[in-house]
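Participant: return atomic coordinates for the entry below.
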Amino acid sequence: MIPLTERESTYRSAEMFKNSLRPIFSNRNSRDIFLFLLLNLSFAFVELIYGVWTNSLGLISDSFHMLFDCTGLLAGLAASVISRWKPDDKFSYGYGRAEVLAGFVNGLFLIFVSFFIVSEAVERAIEPPEVNHDRLFAVSLMGLIVNLIGIYAFQHAHSHASQHGHSHRTDSHGRSDRSNGHRYASRSSGQSQIMKGVLLHIMADTLGSVGVIVSSLLVQYFGWMRADPICSIFIAILITLSVVPLIRDSALILMQRQPVSLDDVLPQCYQKVMHLAGVYSIQEPHFWALCSDTHVGALKLEVSKAADPIYIMTHARLIFDAAGVKQLYVQLDFADM
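Facilitator: Next up is the predicted model:
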């Protein structure tokens, strides 16, 4: 009979495990990422074992790509949970940028793997080894099926992702209410960006599996041993191409660059604001992205003492809101002109 203390320990461990999974399964995106992570991780080890057995660099490189995609899935899973945390006094903007940081770090890892695969492939292209292709095709086909399942699941989830509405209130100092903006950042745009990144990696994996299948057929029927390292280089190129946009976009957000989508829109917004009654000039405009497509702005308006502050702040907010700036902070400086 199990002692009571051991039963209590087992029960507490089970409760802790259940509680740790609750934030994951409470959201469709995080649940899909978690389930595909388990599937992807299992098959990555299958590919790695068969790659070593058949001496196929293409299969080995694809398995390492899948393993590093698992780190991407894990980072996306963590980000999808963290980005839903509520803002607090230390993180007043919330935790939406967790997805940006996860994407940037994951992209750097994948670039490193690409260089490693290319260096190994060039060495094997010069002196191609013998490749045991008997079971290479079957395993590659299984990998393709796994990735196709992932593409279907994540495209389906992304196409049905809900968009959360939000509203803004403006206080007497011209600052918009941020609470709904936080929910928008963490539940809508953040989740969408995470799913896009995950889908991007899975699609690269799918093309990589196709490359391994083609190389296995060339080796089996034509004896072209160099097809295997060429396939590896092809996979490395796919990895690089898939992560460059992710690294670029996340780096721009982390560097607080003005959102690219606003480059041509903001001048028009400035002109509209300047046409508001009582506005003399626009000073110190700052616009940045919290995460993904959630844009925030702050600017100072020099206005007439006779101007209506509520009118100016309300219309300025509406102008920038139409341009995609969901949170706007306005400071009014009253001047005699």
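Participant: beyond the helix or strand hosting L290, next helix or strand please.
Facilitator: Element membership for L290, per DSSP states H and E: strand 279-291. Following strand 279-291 in sequence order, the next helix or strand is strand 294-304 (DSSP H and E).
Participant: neighbouring strands - and their directions - for that next one?
Facilitator: Counting by DSSP bridges, the strands paired with strand 294-304 are strand 279-291 (antiparallel), strand 325-335 (parallel).
Participant: chain neighbours aside, what residue packs nearest to R317?
Facilitator: L328 (5.1 Å; C-beta to C-beta, 6 or more residues apart in numbering). C-betas here are computed from N, CA, C, even on glycine.
Participant: okay, now that neighbour: neighbour count?
Facilitator: For L328, the neighbour count with other C-beta atoms under 10 Å is 25.
Participant: that one contacts D321, doesn't it?
Facilitator: Yes: the criterion here is C-beta atoms under 8 Å, and L328 meets it with D321 at 7.1 Å.
Participant: closest to K272 out of the strands paired with strand 294-304?
Facilitator: K272 sits nearest to strand 279-291 of all these, at 10.0 Å, using C-beta to C-beta.
Participant: so who does I60 touch?
Facilitator: By C-beta atoms under 8 Å, 6 or more residues apart in numbering, the contact set of I60 is 47-48, 51-52.
Participant: low-confidence ranges in the stretch 101-250 of the chain?
Facilitator: Applying pLDDT under 70 to the stretch 101-250 of the chain picks out residues 129-136, 154-198, 200-201, 204.
Participant: a markdown table for the strands paired with strand 294-304, including distance to L37 and mean pLDDT?
Facilitator: Output for those, formatted as a markdown table (distance: least, C-beta to C-beta, whole Å; pLDDT from 0 to 100):
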| stretch | distance to L37 | mean pLDDT |
| --- | --- | --- |
| strand 279-291 | 22 | 91 |
| strand 325-335 | 31 | 90 |
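Participant: so which of these comes closest to P23?
Facilitator: The nearest among these, by C-beta to C-beta, is strand 279-291 at 18.4 Å.
Participant: flag every buried residue along that closest one.
Facilitator: Using 16 or more other C-beta atoms under 10 Å as the test for burial, strand 279-291 gives 279, 282, 285, 287-291.
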